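I'd like to go over a predicted model; first the sequence, then the structure.
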Amino acid sequence: MSTVATFQIVLILATLLCSLVAGFLFAFATVVMPGIKTLNDREFIRAFQVIDGVIQNNQPLFVAVWMGSVATALTAAGLGFGQLDGAQRLLVISAPIIYILGVQLSTFTINVPLNNQLQALHVDAMDAVALKAARIDFEPGWNRWNLVRTSFASLASVLFMILLFKL
């Protein structure tokens, strides 16, 4: 297979996987978090713990999409850098940078630590005041950074799509 064909396949995969991550984050922002927001503090924390537990238990398809998005975005940049120039080269470099800094970095430095903080709680042993405080420490910041991640994932996906249309 030629390097051009390999690049195109990797670029399509990067676009697909980054778009799936953007959709996942969008679903959390528009459906999951608004849905569980209506729960009382104990139920909210427990619901998030269960949802996040599926992710943290390395659900294979989720891991493949999440990690594959990083691998294919970086691979597309590496392959495309030598083959493209001008605006196309800028796109193939910008999309992964935006994706990694805006999605992956914030996920692992902000959202995952907040998730872990919530996972460590034993809700059945907590009183109403402690539950309220834990939720207030978690929910606004997590939601704010999830919107940031969603925006950057969507932007990276759009940049990859634009590049695909330019090829």
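Now that the structure is in, tell me what you want to look at. Just so we're clear, the structure is a prediction, and the values are computed from it rather than from any experiment. Residues are numbered from 1 along each chain as shown.

mind checking how far stretch 124-136 is from the chain centre?
Averaging C-alpha positions (C-alpha atoms, centre = their mean, to the nearest Å) puts stretch 124-136 28 Å from its chain's average.

what is the mean pLDDT for stretch 123-138?
Averaged across stretch 123-138, pLDDT comes to 97.

give me the residues contacting that stretch.
41-42, 44-46, 48-49, 114, 117-118, 121 (C-beta atoms under 8 Å, 6 or more residues apart in numbering). All C-beta atoms are positioned from the backbone trio N, CA, C, and that covers glycine.

tell me what the helix or strand containing residue 24 is packed against?
Applying DSSP states H and E as the criterion places residue 24 in helix 3-27. Counting by 3 or more C-beta pairs under 8 Å, 6 or more residues apart in numbering; DSSP states H and E, the packing neighbours recorded for helix 3-27 are helix 60-83, helix 86-99, helix 128-166.

what does it contact?
With contacts defined as C-beta under 8 Å, 6+ apart, helix 3-27 is touched by 65-66, 68-69, 72-73, 75-76, 79-80, 83, 92, 95-96, 99, 103, 146, 149-150, 153-154, 156-157, 160-161, 163-164, 167.

among those, the buried ones, what's the ChimeraX command?
In ChimeraX, a selection of the buried entries from these looks like this (16 or more other C-beta atoms under 10 Å):
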select :65,66,68,69,72,73,75,76,79,80,92,95,96,99,103,146,149,150,153,154,156,157,160,161,163
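
shaky segments in the protein?
By pLDDT under 70, the chain has no low-scoring segment.

for the helix holding residue 24, buried residues please.
Applying 16+ other C-beta under 10 Å to helix 3-27 flags 7-8, 10-11, 13-22, 24-26 as buried.
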